[in-house]
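S.K.: Return a 3D structure for these sequence lines:
(chains A and B)
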Amino acid sequence: MNYRIFAGLTAAVSAGLLALTACGGPAASTANSGSTGTSGGAVNVTWQTMWSGNTLTLLQQMISQFNATHPGIHVTESNIPSATGDAKLQSEIAAGDAPDVFTEWNPVLGQYAANGEAESLTPYLTGKYAGLKSWLYPIALQGGEYNGGMYALPMGMNSWALYYNKSMLKAAGVSTPPTTLSQLFADQDKEWKISGGKVEQIGFYPLYQQGMEYFDSFFGAVNCFDSGGKYNLANCPGAQAEAQFLASYDKYPYSQVSALESAYGTVAGGDADVFVAGKEGFFMSGPWEGAQNIPVTNSTMSSNFGVIAFPGTVGGPSTFGQGNYNIIPKGAAHPQQAFEFMAWLSGFGNQTFISSMLPKGGWMPTSPSVAAEPAFKSWIGANPWLNVFIEQMSSPLSQTPKLTPTESEFETAEATASEAIAEKTDTWQQALTYIDNQANNATGG
Amino acid sequence: MIRFTQKWRQTRLGLLFIGPWIIGFCAFYLYPFAATFYYAFTRFTGIGNPTFTGLANFNTLIHDPVFRTALFNTFYYTAIEVPVSTAAALGLALLLNMNVRGQAFYRTLFYIPSIVPVIASSMIFVWIFQPSFGIVNSVLSDVHVSGPAWFFSISWSKPSFILLGLWGLGQPMVIYLAALQGVPREMYEVADLEGANAWQRLRKVTIPMISPVILFNVIMSLVLSIQYFTQAQVIENPPGSPGSSTMFFVTYYYQQAFTDLHLGYASAMTFLLFILVLLVTVVLLRTSRRWVHYENEAR
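M.R.: The predicted structure is shown next:
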């Protein structure tokens, strides 16, 4: 064989090998692909989540229990970073390689439903699942509905209440927690400590991160739409009251508070915050703050916090509902089995087991039936401060924002508007107009 | 005829060897470029078929206040970062070109920061410039100066990113150093004989001799600045904060493409970015004829 032929063959083989390596890839990974079929006679269902850390251990316990009690279905879980989770799901759907079940924070699900990326669950609400909708808390049901149809099932709800630091309140000379918004402002104002431009202790600062999104429901500012279905916060009395409430806190230095909150937020895998560190007087959060963050990160705070319903809310005590919801992505290989798994995760027909799991995740139940289970009641009994969270779940005043196709843009706009109020670059009126413009004119392309 | 056959064989062999590169170029550069150009004129979420919308995306871009903010922030960063980093890298290279004791040590010391991964260096900088606990503000407070909130301040966030960029000057510095080594000694000797001082030698000998390298570094710096993304995305939460002061062009593009799934709109932005970078590069190359001197150039 002469040199030229040898060189030519070498080049051809190299080109071929390189081309083949480009053909390999994600299909080889069964963990992240859609169900590849059956495993020992059972249908493989793939579940994709964006959780990490201790929660993964909890998920594995739930999966083991489901697999043991459902011999015809075998669930495997894969987790992806939350920063890229939605983008990865889009790629998987586009590639026809979607997981059977995907867990996401419910506000973004309206976009999935509007774009046809989530399967409707309504066809599955028959037979033994006919009573599923009425079994859920109303705010749990609301969080998974789009245009009147059910697209997502909750597996753990979050409700929100006001944590307070007992020792800081006492040091400020206040004997009882506030019951009105003006009392709250007055009490927290006494707790601030700012020295040499540095914030050493915070009273209450609703403008940082939480901003407008987490206070909408308390002011009757949820679902402020006009008759045409467009966002209309600028003319919504609840939104105006909320924006003015937030603006009343703009005397405190946003940059320094933001820096302090950010510093604590980057340690302990995100389980720490200024309240957990014992340097914040009041903090809006969910049950996980007291159930997980404090015991894990700073156990000395365990006996030093209390919880009250957010004071002065419109109509009476209520909460703002959100949660971790499961969807069946478009193109899922086994939607029927996926739905069965999702219903099980929500606790439907599985109340006893799920009621023992929820305390480990610091989650609220999706149904009053789960809340009535002995394991859950035992958890509440051991932690009486949780009563505030569970009571608000049943309140008719509690709301979950309606899912819309531009919910993502709306939330981004709310966060930006809150910042603009805090930094005094916008008045509260300008902030509301900004939110409406951004959410209503969201570029559809 | 025989010569033609031989030439064709050689051409064929050459094509075979560069075949993998051609395939890769077409698959990973040419096709995505053409696809982006197409999607820029459509409404597309990544799922289903794109819907042709003509110039609607570009019309929306012109009236989008966030896009204008992103353009301004990118321009601000580029306009300051490029000249400052160019001057700083050249200055460092001139210093490290001096024959002093420990020269190798100093060169290593100034180069090491540039090999730290970008995300790691971003996280380090967040803590160094942490307003409450960071070492910079601690030192400033020791001299009775109230340090700003750096990355958390609307006024100081972009300067903070510029400072972060200056920390990684090692690579352009090394390139300048290599260029300085290539300046013939005789040029300096002639300049000495003619009575030139240090500043005159720098202006009349050094800079003209290394001007092609300066041009290269400036173009690279410009292109990278216009596409500034990683550090802002990692440091600021949410990206673009505080108050949209760090919403750069690519930060906004990323938000539109991968958070809001407006792939058509994001493609229009990318296309504009391409035009912008192309224009800047062309203008720079055209104007370089006046100040860049190539060794083989006939005058």
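S.K.: Now do residue 131, the pLDDT please.
M.R.: This is for chain A. On pLDDT, A:G131 comes in at 95.
S.K.: My question was about chain B, not that one.
M.R.: 88.
S.K.: Now do the residue nearest in space to the middle of chain B against B:L92, distance only.
M.R.: Chain B has B:L224 as the residue nearest its centroid, 2.0 Å off, counting by Cα atoms, centre = their mean. B:L224 sits 18 Å away from B:L92, going by Cβ to Cβ, to the nearest Å. Placement of C-beta: from N, CA and C, glycine included.
S.K.: before we move on, what SS does the residue nearest to the centre of chain B have?
M.R.: Following DSSP: H, G, I helix; E, B strand; the rest coil, we place B:L224 in the helix state.
S.K.: gap between it and B:V82?
M.R.: Note on B:L224: its distance to B:V82, by Cβ to Cβ, is 9 Å.
S.K.: try B:Q255
M.R.: In terms of Cβ to Cβ, B:Q255 sits 25 Å off from B:V82.
S.K.: In terms of pLDDT, where does the residue of the stretch 151-300 of chain A found nearest chain B sit?
M.R.: Distances between the stretch 151-300 of chain A and chain B by Cβ to the nearest Cβ are smallest at A:S255, namely 3.4 Å. Note for A:S255: predicted pLDDT of 88.
S.K.: same check, this time on the one 3 residues further on
M.R.: A:S258 is assigned a pLDDT of 87 by the prediction.
S.K.: pLDDT below threshold where in the chain?
M.R.: Because you didn't say which chain, this covers chain A. For chain A, the stretches flagged by pLDDT under 70 are A:1-40, A:83, A:209-210, A:266-271, A:442-445.
S.K.: hm, I was asking about chain B
M.R.: Residues of chain B that meet the cut-off, pLDDT under 70, sit at B:1-4, B:295-299.
S.K.: if you set the cut-off to 80 instead, what comes out?
M.R.: In the predicted model, chain B carries pLDDT under 80 at residues B:1-4, B:46-48, B:237-238, B:259-260, B:295-299.
S.K.: where along it do the strands fall?
M.R.: Secondary structure of chain B, counting by DSSP state E: strands at B:42-43, B:51-52.
S.K.: ditto for the stretch 51-200 of chain A
M.R.: Counting by DSSP state E, counting those that start in this stretch, the stretch 51-200 of chain A has strands at residues A:73-79, A:101-105, A:145-146, A:149-150, A:153-158, A:161-165, A:193-195, A:198-201.
S.K.: What residues of the longest one count as buried?
M.R.: Along strand A:73-79, the positions that meet the burial threshold by neighbour count (16 or more other Cβ atoms under 10 Å in any protein chain shown) are A:73-77, A:79.
S.K.: how near is B:N59 to chain A?
M.R.: Distance of B:N59 to chain A, computed by Cβ to the nearest Cβ, to the nearest Å: 10 Å.
S.K.: ok, now how distant is that residue from B:P20?
M.R.: 42 Å.
S.K.: now swap in A:T300 and tell me
M.R.: The value you get for A:T300 to B:P20, if Cβ to Cβ is used, is 62 Å.
S.K.: of these two, who's got more company?
M.R.: Remark: of A:T300 and B:P20, B:P20 carries more neighbours, 18 against 8, as counted by other Cβ atoms under 10 Å in any protein chain shown.
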